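> got a predicted structure here, sequence first:
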Amino acid sequence: MPSTIFLIGARASGKTTIGRALAEALTYDFVDTDQYLRERTNMTVADVVAREGWDGFRLRESEALKAVTAPGKVIATGGGMVLSAANRAFMRANGTVLYLSVPADVMAARLEADPNADQRPTLTGRSIIEEVTEVLASREPLYRETAHHVLDASAPVGAVLHQALMLLNS
């Protein structure tokens with residue numbers, strides 16, 4: 001069993017939900033890097049972006065990744081964590097990376113059902129489906145490059161958890 005498990009994927013791919021379930025199944029600790037940042041800065045992602053821009057947020061995100069990485073943890077990363085080559089290399093070198101792959105239309109439906117704009121600020125200013133499609137298209141190669149394993153995270157939580165456990169135990 002790997003010492004640290006990183007979950008990557010676009011926003012609304014299920015990283016937090018699957019991460020909590022996986023951590024419980026493995027008796028690991030669970031950390032969400034966005035939540036860690038909120039607790040450390042007392043600001044939402046949207047607040048950090050408004051104050052420091054996306055570059056400032058991405059720097060804080062990279063620092064958070066390194067700060068929370070430790071054996072026995074399942075770490076749900078922010079959707080853009082893979083934008084940094086250093087983050088991609090760090091995750092691959094320090095644990096097992098699971099990419100939660102979800103079609104854009106499924107993610108858009110999840111976001112429309114729970115928009116949570118304070119935590120998920122728009123990246124492009126477009127409609128949810130347009131933004132998700134565009135962002136996923138640009139990041140998909142990075143997710144796949146970083147991942148040790150790709151999971152179909154459009155399936156129910158129990159099925160995704162089963163996929164993850166099978167892959168991690170193989």
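Yep, it's here. Numbers count the residues shown, from 1 in each chain.

> now do the SS call for the closest residue to K66 other than its chain neighbours.
Leaving aside its chain neighbours, K66 sits nearest to F90 (6.9 Å; criterion: C-beta to C-beta, 6 or more residues apart in numbering). (Each C-beta comes from the backbone N, C-alpha and C, glycine too.) F90 falls in the helix class when you classify it by DSSP: H, G, I helix; E, B strand; the rest coil.

> pretty sure F90 sits against E63.
No. In this structure F90 lies outside contact range of E63 using C-beta atoms under 8 Å: 11.3 Å.

> of the two, which one has the most company?
F90 (18 against 14; other C-beta atoms under 10 Å).

> what's near enough to touch the residue nearest to K66?
If a contact means C-beta atoms under 8 Å, 6 or more residues apart in numbering, then F90 has 65-66, 69 as its contacts.

> check what pLDDT it gets.
pLDDT for F90: 98.

> regarding A10, what is its secondary structure?
Secondary structure, three-state DSSP: A10 is coil.

> and it, what does it touch?
A10 makes contacts with 79, 102, 107, 132, 135-136, 139, 143, as judged by C-beta under 8 Å, 6+ apart.

> list the helices and strands the helix or strand that contains V132 packs on?
Secondary structure assignment for V132, by DSSP states H and E: helix 128-146. Contact here means 3 or more C-beta pairs under 8 Å, 6 or more residues apart in numbering; DSSP states H and E; on that basis helix 128-146 packs against helix 85-94, strand 96-101, helix 104-113.

> deepest-packed of these, please.
Among the helices and strands packed on helix 128-146, strand 96-101 has the highest mean neighbour count (mean count of other C-beta atoms under 10 Å), at a mean of 24.
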